[in-house]
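> build me a model from this:
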Amino acid sequence: MSDSSRRRFLTGAATLSAAAAVGTTQAGETCGELPPVVHKVYFWLKNPDSREDRDQLIAGLKTLGSISTVQGIHVGVPASTEQRDVVDNSYQVSELLLFASAADQDAYQVDPIHLKFVEQCSHLWRKVVVYDSIAV
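Next up, the predicted model:
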């Protein structure tokens with residue numbers, strides 16, 4: 001792993017660790033600070049049983065962490081948590097990206113790395129659902 005890749009990984013890991021550690025005070029105030037814009041994306045593969053397709057999508061998603069406006073990245077697959085009516089684990093791969101602003105998220109959408117990802121990987125999925133939110 002190159003020094004810049006290691007640095008990006010550690011920065012992303014630290015950001016996501018901070019996200020996991022954020023709690024609330026008794027008054028309900030946040031006691032930690034994260035970038036305010038969260039971009040959550042869920043992918044359903046055309047070939048859901050293909051480990052090769054899943055791994056190719058995951059590798060493509062991980063390239064998005066090198067985009068300068070991305071403050072943190074998490075790429076995952078459904079967790080084997082308790083099955084409940086409110087849990088949708090029908091997707092095959094997910095990503096979560098953190099941005100400092102809506103403008104940074106807009107810039108990400110047209111970044112050449114993101115456009116290359118879409119060009120090289122869009123043939124793998126049959127459905128994509130995006131949830132963007134901003135902190136309140």
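> quick check: next helix or strand after the helix or strand bottoming out on mean pLDDT in the chain?
Lowest by mean pLDDT, DSSP states H and E among the helices and strands of the chain is helix 3-21, with a mean of 46. Under the assignment DSSP states H and E, the closest C-terminal helix or strand after helix 3-21 is strand 37-45.
> for that following strand, buried residues please.
Val37, Val38, His39, Val41, Tyr42, Phe43, Leu45 (16 or more other Cβ atoms under 10 Å). C-beta coordinates here come from the backbone N, C-alpha and C atoms, glycine included.
> average model confidence for that strand?
Averaged across strand 37-45, pLDDT comes to 98.
> pull up the pairing partners for it, direction included.
strand 93-99 (antiparallel), strand 125-134 (antiparallel) (DSSP bridges).
> how many neighbours does Leu61 have?
Neighbour count for Leu61, taken as other Cβ atoms under 10 Å: 21.
> in what helix or strand does it lie?
Using DSSP H and E, Leu61 falls within helix 51-63.
> just checking, what packs against that helix?
On a contact count with 3 or more Cβ pairs under 8 Å, 6 or more residues apart in numbering; DSSP states H and E, helix 51-63 meets strand 37-45, strand 70-76, strand 93-99, helix 112-121.
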